[in-house]
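>>> For reference, the sequence and a predicted model appear below.
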Amino acid sequence: MLTPIDEIANQNHLQLIKAAVAFLPPPSQRSLSLLIKLLELRNLSAFFQKQGSLHACNVASSASLPEMLAEMRNYCDGSELELIDQLGQVCSLMELYSVMMQPPEDESS
């Protein structure tokens, strides 16, 4: 699964070329891998010159930390998932604490 930044960097079918690298002789693997990285950098540079920024689908310009953690979760393995889940729980507790600490609204109005 590619992240949005990987999709931008890997335009021009670079994923196909990456899949072929392991089948080449070692000196060619190194050269082709470096070329692939250079092409990825070129693609990213061109994107940011044109677009200016990267936005997640259906996310406002200032996404919340829980939204970001939920997206990051898609790219984690076991121990990373535990860490992301713990951070999510901490965020939830902080939000609950913040709500509890707000002064009660004046109901006489």
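Received the coordinates, thanks.

>>> CA only for contacts and neighbour counts going forward, please
Noted.

>>> List the buried residues of the strand or helix carrying Leu38.
Under DSSP states H and E, the secondary-structure element containing Leu38 is helix 26-51. Taking 16 or more other Cα atoms under 10 Å as the neighbour-count basis, helix 26-51 is seen to contain the buried residues 29, 32, 36, 39-40, 43-44, 47.

>>> Could you measure from Gln89 over to Ala70?
Using Cα to Cα, to the nearest Å, we find Gln89 at a distance of 12 Å from Ala70.

>>> Same check on Gly52?
When Gly52 is compared with Ala70 (using Cα to Cα), they lie 24 Å apart.

>>> what's the answer for Ser33, then?
Using Cα to Cα, one obtains 31 Å as the distance from Ser33 to Ala70.

>>> Leu81: what's it in contact with?
Leu81 makes contact with Arg73, according to Cα atoms under 8 Å, 6 or more residues apart in numbering.

>>> Find me the pLDDT at Leu93, would you?
At Leu93, the model reports a pLDDT of 87.

>>> Which residues are in contact with it?
Neighbour list for Leu93: empty [criterion: Cα under 8 Å, 6+ apart].
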